[in-house]
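[1] okay, predicted coordinates and the sequence, questions at the end:
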Amino acid sequence: MSYLVFCTFDLKNATSQDYQNAYADLANIGLKKVVVNNSGAQVVIPTTAAMGAFNGSDASAVCTDIRSRVQATFAKRGFKSEIFVVTGGDWAWASGAT
């Protein structure tokens, strides 16, 4: 089954380059800063967040796996961070701006 994973994070005492590296690392996992909506338009996810679709046996397992992968990736770079991951199975999303 396909699950939507949304990850938001905060890096402690980080530079703008650290954040660029974090987004690149998240993209390698499959969590992207720019995603395509149902209409085919590209949407930029708000700052310090990324999302992606992943296959797995259940939402909890996917959530735990992605959280662990993000933690390992950030730890490898020496980042001190807070990470929050949400996973849903029957999902929809919308974007907007003011």
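    Good, I have the coordinates.

[2] rest of the way, CA atoms for contacts and neighbours
    Will do.

[3] need the longest strand for this structure.
    strand 2-11 (DSSP state E).

[4] what is the mean pLDDT for it?
    Averaged across strand 2-11, the pLDDT comes to 95.

[5] ok, now stretch 28-36?
    Mean predicted lDDT for stretch 28-36 stands at 96.

[6] and it, end to end?
    Terminal residues of stretch 28-36 are spaced 17 Å apart (Cα to Cα, to the nearest Å).

[7] mind checking how far it is from the chain centre?
    Centroid separation for stretch 28-36 versus its chain: 7 Å, with Cα atoms, centre = their mean, to the nearest Å.

[8] ok, now stretch 39-52?
    9 Å.

[9] pull out the buried positions in it.
    By 16 or more other Cα atoms under 10 Å, the buried positions in stretch 39-52 come out as Ile45, Ala49, Ala50, Met51, Gly52.

[10] contacts for it?
    By Cα atoms under 8 Å, 6 or more residues apart in numbering, the residues outside stretch 39-52 that reach it are 4-10, 23, 26, 30-37, 95.

[11] apply 6 Å and report the result again.
    Applying Cα atoms under 6 Å, 6 or more residues apart in numbering, the set of residues contacting stretch 39-52 from outside is 4-9, 30-36.

[12] check stretch 73-83 too.
    Residues outside stretch 73-83 that contact it (Cα under 6 Å, 6+ apart): Phe9, Asp10, Leu11, Lys12.
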